[in-house]
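>>> Show me the folded form of this:
(one chain, ligands or ions: 3)
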Amino acid sequence: MEVRARAPGKIILSGEHAVVHGSTAVAASIDLYTYVSLRFPTESENDGTLKLQLKDMALEFSWPIGRIKLALPGLGSPLCSTPTSCSPESIKSIATLVEEQNVPEAKTGLASGMSAFLWLYTSIHGYKPATVVVTSELPLGSGLGSSAALCVSLSAALLALSDFVSLDLSHQGWLMFGESELELVNKWAFEGEKIIHGRPSGIDNTVSTYGNMIKFKSGSLTRIKSNMPLKMLITNTKVGRNTKALVAGVSERTVRHPDAMGAVFNAVDSISKELSTIIQSPAPNDLSITEKEEKIEELMEMNQGLLQCMGVSHASIETVLRTTLKYKLTSKLTGAGGGGCVLTLLPTLLSRTVIDKVIAELESYGFHCLTAGIGGNGLEICFDGSS
Ligand SMILES: Nc1ncnc2c1ncn2[C@@H]1O[C@H](COP(=O)(O)OP(=O)(O)O)[C@@H](O)[C@H]1O
Ligand SMILES: C[C@@](O)(CCOP(=O)(O)O)CC(=O)O
Ligand SMILES: [Mg+2]
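Ligands and ions are numbered 1, 2, ... in the order given. Here you go, the predicted structure:
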């Protein structure tokens, strides 16, 4: 029996970082996915190992089950169905298991993803041999939520073949989980994100699990129904960065300047609330689409200024801002910043010629531009191997 799961990446329209400190944020899924397949070996295939294949990178890691038992003794049997946090001791043991693999020097960033994999796998399936294959359409470490898409798709595939959920295994094609399964997946994925991010807000795993557009504050989500077309250009500066370090940097600044940073987070909270009101306001109402777009642009500009105050902008991001401004377009970073991706609002009346010109100029600096569909499906799974 094999199961495949796919979970989308995301863009944060407003409120990244501040959301970690209790402010409201608005995020939407994008139509770029991470896929995870899980298969248990037949008796003749069983070589007593747990394998992780990262297909896009042509990497394969393999752990003898005996070695995992030694490093992580005492995993419950029967296993616990409630998501549990990885203790500092288990984090250390898992780090040792990861270090024993030959992770190429240029790919050491994968170590945290591999650790999340080992924690989620052993927590849900214990000491059981299996092969897990991961592929992704998302750039890793660029602010589009690849870590959350990995944790969500992985948790879903693991749970789909566990005793903790019951599903219609004969269903053909992609299938959505029910509400209680989604909640369970989201909780496990959050535990995985904790290993990768240190202190995640939970917005990335939540929007990847549920899809569409959400408003998120202090761990709880409100679904948003957009009442206007929203088209964003996504520019990947290709400057690598690490969410965990950036999130920690903002927390350190908050400790140094609690009042000033508190005011910044409050301002972001107001921006996100206003943004979600505009996006949801019925059309046509007293505001035309163009007026709504102008308001959104102003809010994006203000949010970007506050992200700069938090210390998470970057020279490459500033180059994107300056370049798009030449075409009277507004941009803000998305995700953790420090490089990574930048969003630019593409107003409905903007001509294709201008879009092509701005893309050409951005790409002449070595950046990569893409336009992704916003607000599509969240997590889905498939049992028939045809999708
Ligand atoms: N498909 C994948 N395979 C392996 N690890 C992954 C994958 N996707 C994400 N990761 C892990 O997540 C990390 C990137 O997460 P993060 O720094 O939060 O950036 P983002 O979530 O914006 O892509 C990678 O360095 C890796 O450890
Ligand atoms: C910076 C933050 O708000 C979003 C991080 O997103 P990403 O990992 O850069 O895609 C952190 C969080 O909310 O957990
Ligand atoms: Mg991430």
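>>> what are the ranges of the strands in the stretch 51-200 of the chain?
59-64, 130-136 (DSSP state E, counting those that start in this stretch).
>>> how about CSV for those strands, with mean neighbour count and mean pLDDT added?
C-beta here means a position set from N, CA and C on the backbone, and glycine is covered the same way. Listed next are the strands of the stretch 51-200 of the chain as CSV, based on neighbours: other CB atoms under 10 Å; pLDDT from 0 to 100:
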stretch, mean neighbour count, mean pLDDT
strand 59-64, 16, 98
strand 130-136, 19, 98
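>>> Include distance to Phe164 when you put these into CSV, please.
Output for the strands of the stretch 51-200 of the chain, formatted as CSV (distance: least, CB to CB, whole Å):
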stretch, distance to Phe164
strand 59-64, 23
strand 130-136, 16
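>>> Which of those sits closest to ligand 1?
strand 130-136 (3.9 Å; CB to the nearest ligand atom).
>>> so does the closest one get close to ligand 2?
No. Residues of strand 130-136 are not located near ligand 2 by CB under 6 Å from any ligand atom, the shortest gap being 12.9 Å.
>>> Measure how buried whatever residue of the stretch 51-200 of the chain ends up closest to ligand 2 is and give me the count.
Ranked by CB to the nearest ligand atom, the top residue of the stretch 51-200 of the chain for proximity to ligand 2 is Pro200, at 3.6 Å. For Pro200, the neighbour count with other CB atoms under 10 Å is 24.
>>> which residues touch stretch 114-125?
50, 52, 61, 63, 68, 72, 75, 79-80, 83-84, 86, 90-91, 94-95, 97-98, 101, 103, 130, 132, 147, 150-151, 154-155, 158-159, 161-162, 164, 188, 191-193, 195-196 (CB atoms under 8 Å, 6 or more residues apart in numbering).
>>> Against ligand 3, which of the residues you listed make the cut? List them.
Ser147 (CB under 5 Å from the ion).
>>> For the closest residue to ligand 1 within the stretch 51-200 of the chain, give me its contacts.
Closest approach of the stretch 51-200 of the chain to ligand 1 (CB to the nearest ligand atom) occurs at Gly113, with a separation of 2.7 Å. Going by CB under 8 Å, 6+ apart, Gly113 touches Ser147, Leu150, Ile196.
>>> Which of those residues sits closest to Gly338?
Ser147 (14.7 Å; CB to CB).
>>> for the stretch 201-350 of the chain, what spans make up the helices?
Along the stretch 201-350 of the chain, counting by DSSP state H, counting those that start in this stretch, helices occupy 203-210, 243-256, 258-280, 289-309, 315-326.
>>> Quick check: buried residues in the second one?
Put plainly, it is helix 243-256. Thr243, Lys244, Leu246, Val247, Gly249, Val250, Ser251, Arg253, Thr254 (16 or more other CB atoms under 10 Å).
>>> low-confidence ranges in this protein?
76-78, 283-286, 385-387 (pLDDT under 70).
>>> Just give me the neighbour total for the residue of the chain found nearest ligand 3.
Closest residue of the chain to ligand 3, CB to the ion: Ser147 (3.3 Å). Neighbour count of Ser147, defined by other CB under 10 Å: 29.
>>> Can you name the residues that contact it?
Ser112, Gly113, Ala116, Gly192, Glu193, Ile196, His197, Asp204, Thr243.
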